[in-house]
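Participant: Give me coordinates for this.
(3 chains)
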Amino acid sequence: MATQEFTVDDLKRILLEGAGADESVDLDSADFLDSEFEALGYESLALLETGGRIEREFGITLDDTALTDATTPRALIEVVNAHIGQPTAV
Amino acid sequence: MTGTATKVVVTGLGVAAPNGLGTQDYWAATRTGKGGIGRVTRFDPSQYPSRLAGEVPGFEARDHLPSRLLPQTDHMTRLALVAADWALADAGVKPQELPEFDMGVVTASSSGGFEFGQRELQALWSKGGQHVSAYQSFAWFYAVNSGQISIRNGMKGPSGVVVSEQAGGLDALAQARRQIRKGTRLIVSGGMDASVCTWGWVAQLAGKRLSTSDDPERAYLPFDAEARGHVPGEGGAILILENAEAARSRGARTYGEIAGYGSTFDPKPGSGRPPGLRKAIELALADAGATPDEVDVVFADAAAVPELDRIEAEALTAVFGARGVPVTAPKTMTGRLYSGAAPLDVATALLAIEEGLIPPTTNVEPADGYDLDLVTGEARPAEVRTALVLARGFNGFNSALVVRATP
Amino acid sequence: MTPRRVVITGIGVLAPGGIGVKNFWSLLSEGRTATRGITFFDPAQFRSRVAAEIDFDPEEHGLNPQETRRMDRAAQLAVVATREAVADSGIELTGIDPYRVGVTVGSAVGATMGLDQEYRVVSNGGLLDLVDHTYAVPHLYNHMVPSSFAAEVAWQVGAEGPSTVVSTGCTSGLDSVGHAVELIREGSADVMIAGSSDAPISPITMACFDAIKATTPRNDDPGHASRPFDGTRNGFVLGEGSAFFVLEELESARARGAHVYAEIAGYATRSNAYHMTGLRPDGAEMAEAIRVALDEARINGDEIDYINAHGSGTKQNDRHETAAFKRSLGDHAYRTPVSSIKSMVGHSLGAIGSIEIAASALAMEHGVVPPTANLHTPDPECDLDYVPLTAREHRTDTVLTVGSGFGGFQSAMVLARPERSVA
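Facilitator: The predicted model follows:
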């Protein structure tokens, strides 16, 4: 099992690689962490791709409900770190 | 008005071709015989027996499409989306201003997003199933271009996808015309293929129709004594087809009318029956209500396989008489583009009508015995009112389409 | 001139648990299921490990070794289904101008099995970026371009008229037949051999549907894994299969004394222009396709006796579809039996639309509506009469069958008895 923490920068990088970013959205804005993914322009398919990439990179398996329940970046980061066994610093 | 009396016109063109990205660049190259075939750059082709392709120059997807679309699209879908944008702009159509159920998308595909598929197959077999992208569920499949174009442009009318290898490009335009005749106002149609990837290359090599020449000017020589197969290419064209009355009422500029179409399938090899291309031509002319002497130019399928060239030449002389009509194959400048080829030829025919100029078949010295008036060397000025476009698909698909100048 | 009307005079089906029309109908009318743990390959690495496979031996069905070798499994299924349809119709194709006989083959994913298998070989298990052409099989190009399926079917019947593959994802099976109907109506052909085929049960397909969690992970109970409209549904079961039809113009079918199963009275397809895989819950675009198909058939929504649903068993599909039925048929939707045969034969992507047309025609033929198997737990969002568990005797003169697919395609077809009065 990986022991590396999953950070907000990891999430942004993976989102950009796997799903790009909506032109009207600034991922570096201060509201990013607590914005709904939907408001950030990511629908369920983008989140499935993102989840798959996180699982592969961090060697974890997310529950089926993890992606639907975690509707914001902060919530997703917490879920991922809970799986990795890391406290979340954000 | 609906039904077979409904005229269907082309009001917009979007081109992505190996010898020119965008209609203007493409036509500037094509009218002067400038080709776009060269050594493959998308991968190192050294180890393969065929090493030339027609690749679309200067296409940067991120300059034209939102980044949200890039991870989920194959190269051919990006080309199709951008060509559709250009075709709509050329037609002066803003999709958001039209009723959404009054617009549809009918495209042809030949091999889908093969390059995307290769990447995911490689992920699966080298790393495991969890490494396959969520987008593989649609990004490679044959319906993806119609789906993505309909989504990007909010088009909820009848859509569809036909696959008949190179003949499919005409079959799609015919299906688009059919939908307009049934009452839909506008259909985005055409085809785009781009399988210049190693997996696609190996599959095409297995088809045994690729030229093995390394000389871009000697590799693809339809109707030439040295015909030795074709050079494959990527690209195609997207066209906007509209109900003629609707186009007129909005004051649209029209390139011409889709006037006739016919389609046949060759008999099973060994049956002793004749090939079906001649019949397809006759059906298309009859459908257009046109006599052979009204046809001003034929855009040939131009397989560059001696047997297939002979069949095409014989079909043309049977219908038009020996040297009875100018024949050209501008695809000698692009390579064969599969589902993209015929829509590009239709676009070229419409540009020929507009300018009064038949673009040339480049590099070819017609072989003795074909009895074709092949337009070689330079473009030939001519009044073009009616053009016939032919396309054949691997295994025996024959399609013919007549375009006519609008009065 | 009265428009030409198009009827089904021959049916051929290869479905999981039901090779041939007779066995297929037994499976459906008895409410048995053909879903099982995957046997084609070791599925251990996948999230979903169930499928609806056909126990199919091509040589047993008359394909010679050369045909078996050059054709992808989907093409093999298509050819065998075609033969059954032609034999069933009793039509003498040799007596007809071959240019008046055409072929349409629906397929969503073409030669997926062949491509998956051959890719492994030329890439040496995915190790090579520059895949090796010296290991390619001679028919690899026929796998690359699935138009080869239409060629195989055309060769089989000697057709030389308009022929093509229609590939619109999971509505291909409806759209292929709908396209063929249009060709006969407009006069481009007199007879169409129309149907569809897909054989997608391969590792790449399991992997891609795993990645979007579209297929069910109910691996511990494979026989009851496909649960359309059930409250516990959690994804579809991948299937394979093929169905083909002989379609003829009504008067010429009558003139030769052919048995007529049904008229294909109306058909339409629309797009949701929304999402490649997602569906808006309101079902508006499917409802529009239904409205146009009914209009073309000149049949009122309240005359529909049975709805053969897409019913894939995903959360969003079954909700979307239920909404579309209510939107298009109003209260009549509550009074009409609706069922999904995917509960029994799984979801064979581009093939299932034709298989469902076959089921619809057979429901008319037998006066029996096939059930939705495995439907035990109500879902408040799916509150129609889904004919749970057991088939129902029910006089059926008109059927609505629908499909919904990736790419946003929504298609609807209306089958009716040709002897009904047409205004």
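Participant: how about the host helix or strand of residue B:352, does it reach chain C?
Facilitator: Here residue B:352, judged by DSSP states H and E, is contained in helix B:341-355. No. Under the criterion of C-beta under 8 Å from any C-beta of the partner chain, chain C is not reached by helix B:341-355; the shortest gap measures 13.1 Å. (Each C-beta comes from the backbone N, C-alpha and C, glycine too.)
Participant: just stretch A:52-71 next, same as before
Facilitator: Yes. Counting by C-beta under 8 Å from any C-beta, contacts between stretch A:52-71 and chain C involve A:52, A:64.
Participant: cool, and stretch B:71-90?
Facilitator: Yes. If you take C-beta under 8 Å from any C-beta as the test, stretch B:71-90 does meet chain C, through residue B:72.
Participant: May I see the buried residues of that stretch?
Facilitator: By 16 or more other C-beta atoms under 10 Å in any protein chain shown, the buried positions in stretch B:71-90 come out as B:71-88, B:90.
Participant: Tell me how far that stretch lies from the chain's centre.
Facilitator: 15 Å (C-alpha atoms, centre = their mean, to the nearest Å).
Participant: Residue B:247 is in contact with residue B:9, isn't it?
Facilitator: Yes. Residue B:247 lies in contact with residue B:9 (C-beta atoms under 8 Å); the separation is 5.4 Å.
Participant: Now for those two: what residues contact both?
Facilitator: residue B:254 (C-beta atoms under 8 Å, 6 or more residues apart in numbering or on different chains).
Participant: quick check: longest helix of chain B.
Facilitator: Longest helix of chain B, by residue count under DSSP state H: helix B:75-91.
Participant: right, is that helix up against chain A?
Facilitator: No. Helix B:75-91 lies out of reach of chain A by C-beta under 8 Å from any C-beta, never closer than 12.5 Å.
Participant: Run through the helices of chain C in chain order.
Facilitator: Secondary structure of chain C by DSSP H: the helices cover C:21-30, C:65-70, C:73-89, C:112-122, C:140-144, C:147-157, C:172-186, C:203-211, C:250-255, C:284-297, C:315-329, C:332-335, C:342-345, C:352-366.
Participant: If I take the first one and helix C:73-89, what angle do their directions form?
Facilitator: So the one you mean is helix C:21-30. Helix C:21-30 runs at 100 degrees relative to helix C:73-89, counting by axes from the mean of the first three to the mean of the last three C-alpha atoms, to 10 degrees.
Participant: Tell me which residues of helix C:21-30 come out buried.
Facilitator: C:21, C:24-25, C:27-29.
Participant: what's the answer for the fourth one, then?
Facilitator: Along helix C:112-122, the positions that meet the burial threshold by neighbour count (16+ other C-beta under 10 Å) are C:112-120, C:122.
Participant: From those, list the ones also adjacent to chain B.
Facilitator: Among those, the ones lying near chain B by C-beta under 8 Å from any C-beta are C:115-116, C:119-120, C:122.
Participant: Kindly indicate which of these lies nearest residue C:16.
Facilitator: Distance to residue C:16 across those (C-beta to C-beta) is lowest for residue C:116, with 19.4 Å.
Participant: so what's that closest one closest to, chain neighbours aside?
Facilitator: Spatially, and ignoring its direct neighbours in sequence, residue C:116 is nearest to residue C:202 (4.3 Å; C-beta to C-beta, 6 or more residues apart in numbering or on different chains).
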